[in-house]
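> Quick one: sequence plus predicted model below, questions after.
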Amino acid sequence: ITRPSLCASKLPLTPKHHLHVHTAAALAGASPQEEEKKNPSWKPIVAITAVAMLTCNLHRSVFTMLLPDLSAHHLLTLKDVGVMNSAMLGGYLAGQIPAGFLSDMLGGERVLLVGLLLWSLATASTGLMPSRAGLIASRIAMGLFSACAMPATSAMAARWVPPQVKASTLATVYMLFNMGGVLGLVATPFIAQVCGFSSTFMATGLAGALWAVGSWLYLPQNGPEGHSPKGSSSSSSSVGNKESVAATAHLQAPDLGQNGASSSSGSSSSNDGQVGGSNSDGGMLGSLGATNNVE
């Protein structure tokens, strides 16, 4: 009767043993090239996010540049302008925490695209509002729906971007966010001079909505490696697979060391098909795969 020994091996590791250990350790921390092979679609997702962030700040700059025209058209006072700006910031404050929760649950890239669609429609409607109350409502909607921009971007990066390039990737996204503000300040006067302020709101808003719809159609059904948000069952199974491969590498390593030790000690029992042996000091060979003879 044989049973596996649970004693730890006292033999030195062979070169092949080291190879298996390094293979298992490599699974815990992959290089950027390996991460890119595992998650081949993360760069397009970052590009979609970057353009959405650029559009967010562009829409804010469009309103800033066209505010004098809006004020003249609706006969707004300085107090009215302050109320409209406060309405936008109030909506923004109210939407940030809910946007963070939704980004954690549903995925930042999806929440961002839904927000982009809604705040773009709010921007497009600004030039069509017939009254001050309508302008205030559109500004609240703009703030509320654009509040998802920062938390959704952070959630996207946490879910998709490899850790080795996460900071530089986020820096690039936020650079494009600020570029959108510059682009809006520079381009809006030229567009408004040709099309009028109402059509400028409409054109920039519809452009953002089209990008949101087109990008949504591109998004994969699942996240990187088939993971869904919040680390659901598919994520757990993937982690389990990695642990299984690491365990397999660990199990194979003592067998290699044991075979070497068996040949050096010169003791084996072939009658029972057992592979094992004993050291001169009576220590047990191998942690798994080595066997004891029980009388």
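Thanks, I have the structure now.
> got any ranges where this structure has weak pLDDT?
Residue ranges of the chain with pLDDT under 70: 1-40, 222-295.
> all helices for it, in order.
15-28, 32-38, 42-74, 78-106, 108-126, 132-146, 149-160, 166-195, 197-218, 233-265 (DSSP state H).
> ranking those helices by burial, who's on top?
helix 108-126 (a mean of 24; mean count of other Cβ atoms under 10 Å). The way it works is simple: take the backbone N, C-alpha and C, and place the C-beta from them, glycine included.
> okay, the angle between that one and helix 149-160?
Going by axes from the mean of the first three to the mean of the last three Cα atoms, to 10 degrees, helix 108-126 is angled at 150 degrees with respect to helix 149-160.
> Quick one: list the elements packing against helix 108-126.
The elements that helix 108-126 packs onto, with contact taken as 3 or more Cβ pairs under 8 Å, 6 or more residues apart in numbering; DSSP states H and E, are helix 42-74, helix 78-106, helix 132-146, helix 149-160, helix 197-218.
> Which residues does the last one contact?
Read that as helix 197-218. Residues from elsewhere that reach helix 197-218 (Cβ atoms under 8 Å, 6 or more residues apart in numbering): 44, 48, 51-52, 55, 58-59, 62, 66, 69-70, 73, 110, 113-114, 116-117, 119-128, 184, 188, 191-192, 195.
> what's the answer for the third one, then?
The contact list for helix 132-146, computed with Cβ under 8 Å, 6+ apart, reads 56, 59-60, 63, 70, 74, 76, 80, 83-85, 87-95, 115, 118-119, 122-123, 125-126, 129.
> Restrict it to CA atoms and write it as CSV.
The C-alpha trace of helix 132-146 is given here as CSV (Å, rounded to 0.1, in the frame of the first residue of the first chain):
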residue,chain,number,x,y,z
ARG,A,132,-34.3,81.1,-20.1
ALA,A,133,-35.9,78.2,-18.3
GLY,A,134,-35.1,76.0,-21.2
LEU,A,135,-31.5,77.2,-21.2
ILE,A,136,-31.2,76.4,-17.5
ALA,A,137,-32.6,72.9,-18.1
SER,A,138,-30.2,72.2,-20.9
ARG,A,139,-27.3,73.3,-18.7
ILE,A,140,-28.4,71.1,-15.9
ALA,A,141,-28.6,68.2,-18.3
MET,A,142,-25.1,69.0,-19.7
GLY,A,143,-23.6,69.0,-16.2
LEU,A,144,-25.5,65.9,-15.0
PHE,A,145,-24.6,63.7,-18.0
SER,A,146,-21.0,64.9,-18.4
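> surely Phe63 meets Thr123?
Yes. The pair Phe63 / Thr123 is scored as a contact, 7.4 Å apart, by Cβ atoms under 8 Å.
> Out of the helices and strands packed on helix 108-126, which is closest to Phe177?
Nearest to Phe177, of all the helices and strands packed on helix 108-126, is helix 42-74, at 4.1 Å by Cβ to Cβ.
> ok, Gln221 - contacts?
With Cβ under 8 Å, 6+ apart, Gln221 has no contacts at all.
> how far away is it from Gly107?
11 Å (Cβ to Cβ, to the nearest Å).
> how near is the nearest residue to Thr49 once chain neighbours are set aside to Gly108?
Closest residue to Thr49 apart from its sequence neighbours, by Cβ to Cβ, 6 or more residues apart in numbering: Met156 at 5.3 Å. Separation of Met156 from Gly108 (Cβ to Cβ): 4 Å.
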